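K.L.:
coords below, sequence missing:
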Ligand SMILES: Nc1ncnc2c1ncn2[C@@H]1O[C@H](COP(=O)(O)OP(=O)(O)OP(=O)(O)O)[C@@H](O)[C@H]1O
């Protein structure tokens, strides 16, 4: 059985000026021990999807569909069960989360907190576990006595990863875990995440705008555009031989060191991602698409099987005989 199964998950923010459909009909699965990368430009719905997984969304968000964690529907869990699941079974490392550490509490106490809150260890045992966790993330044990301001950004992000690991969860969701770090430190933290996932058999969902980073860490890639998954399949294939023109543009968009704007603008694409409140008709990508056809503005787009274990929501990937949509990667070549 899959560790995580998303079935037609949608998230809409209800704000004063109307509904914002941030995530639209996402269906994905994650096997135990596997790593799934979720890519897309700013505003594509990645963080909203990540937060929906553990019901961390603000009150104005409405979530529909099913999110099954080990067969249990997260959306139907009572609060007590949900609190037990957070940290202990699945934990999130947020973008720039290292800035969220409490400045007046020692690192060791903060790492121990999830263990104590979940009653998974007594204070003495928790101290031992903190030492173990610091070692796992490449920090010396004496750092337990440090305060956050005494650590570098990369070290603080390692602390956040240690906290996420504290209760030995089966799933870690990492939302842009290295974005706020400089390039050298980014590489070190990514290597750390990769090793931890491989050694401890933890499943990972990693979110980034950078397809190359995801392809390096993850087995599977899902590319999101305007709240939808537009391509999904094995990482190296999606990265090197994308079937959707948006994934191709993302794959070609290697960030330029020191130029944050270059990360946000996939090569060869003009324009900006659409406003979710005013989505283009047909394929949402058609106004920016370099290979759009006349029918794309009215196309009823679906995820079509686009090779072994792959799906893509593009007319160019649509098999001539397509009749039904594929909500998850199919295992057969299209006819
Ligand atoms: N609390 C909120 N209320 C209303 N709209 C929101 C809220 N949070 C996000 N949105 C909107 O939902 C859409 C998806 O946002 P989201 O942050 O999930 O995208 P993202 O791909 O994670 O972007 P980024 O990489 O910038 O974090 C955007 O249009 C955003 O403006």
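P.N.:
Yes, it's here. Remember, it's a predicted structure, so these values are computed and weren't measured experimentally.

K.L.:
residues in contact with the biggest helix by length in the chain?
P.N.:
Assignment by DSSP state H gives helix 183-200 as the longest helix of the chain. Applying Cβ atoms under 8 Å, 6 or more residues apart in numbering, the external contacts of helix 183-200 come out as 33, 35, 136-138, 152-154, 157-158, 161, 165, 168, 172, 174, 177-178, 181, 202-204, 206, 213, 216-217, 257. Where C-beta positions appear, they are placed from N, C-alpha and C, glycine not excepted.

K.L.:
Just the buried residues of it, please?
P.N.:
Buried positions in helix 183-200, judged by neighbour count with 16 or more other Cβ atoms under 10 Å: 185, 186, 189, 190, 192, 193, 194, 196, 197.

K.L.:
any idea how far stretch 208-224 is from the chain center?
P.N.:
9 Å (Cα atoms, centre = their mean, to the nearest Å).

K.L.:
Report pLDDT for the residue positioned nearest the centre of the chain.
P.N.:
Computing the C-alpha centroid of the chain and ranking residues by Cα atoms, centre = their mean puts residue 207 first, at 3.0 Å. Note on residue 207: pLDDT of 94.

K.L.:
What strands line up against the strand or helix carrying it, and which way round?
P.N.:
Using DSSP states H and E, residue 207 maps to strand 203-208. If you go by DSSP bridges, strand 203-208 pairs up with strand 35-39 (parallel), strand 171-175 (parallel).

K.L.:
that older thread, the longest helix of the chain - what's its average pLDDT?
P.N.:
84.

K.L.:
now that helix against strand 35-39, angle please.
P.N.:
140 degrees (axes from the mean of the first three to the mean of the last three Cα atoms, to 10 degrees).

K.L.:
Give me the distance from helix 183-200 to the chain's centre.
P.N.:
That offset, for helix 183-200, works out to 16 Å (Cα atoms, centre = their mean).

K.L.:
before we move on, what about stretch 130-149?
P.N.:
Computed by Cα atoms, centre = their mean, the chain-centroid distance of stretch 130-149 equals 26 Å.

K.L.:
And the ligand, is stretch 79-95 touching that?
P.N.:
No. In terms of Cβ under 6 Å from any ligand atom, no part of stretch 79-95 sits within range of the ligand; the closest distance is 6.7 Å.

K.L.:
for stretch 210-225, same thing?
P.N.:
No. Judged by Cβ under 6 Å from any ligand atom, stretch 210-225 makes no contact with the ligand; its nearest approach is 6.7 Å.

K.L.:
From residue 1, how far out is residue 49?
P.N.:
Separation of residue 49 from residue 1 (Cβ to Cβ, to the nearest Å): 21 Å.

K.L.:
If you count surrounding residues, which of these two has more?
P.N.:
residue 49 (30 against 9; other Cβ atoms under 10 Å).

K.L.:
tell me the pLDDT at residue 35?
P.N.:
With respect to pLDDT, residue 35 has a value of 94.

K.L.:
Please pick the buried ones from the contacts of helix 183-200.
P.N.:
35, 136-138, 153-154, 157-158, 161, 165, 172, 174, 177-178, 181, 202-204, 206, 213, 216-217.

K.L.:
all strands of this structure, in order?
P.N.:
4-15, 18-30, 35-39, 61-69, 72-73, 90-93, 171-175, 203-208, 220-225, 228-234, 304-305, 311-312 (DSSP state E).

K.L.:
Close to the ligand: what parts of the stretch 151-300 of the chain are there?
P.N.:
Near the ligand, when you scan the stretch 151-300 of the chain using Cβ under 6 Å from any ligand atom, you find 209, 276.

K.L.:
In the stretch 151-300 of the chain, which residue sits closest to the ligand?
P.N.:
residue 276 (4.6 Å; Cβ to the nearest ligand atom).

K.L.:
so that residue touches residue 17, yeah?
P.N.:
No. When contacts are counted by Cβ atoms under 8 Å, residue 276 is not listed as touching residue 17 (11.8 Å).

K.L.:
Compare these two and say which is more crowded by neighbours.
P.N.:
Remark: of residue 276 and residue 17, residue 276 carries more neighbours, 21 against 6, as counted by other Cβ under 10 Å.
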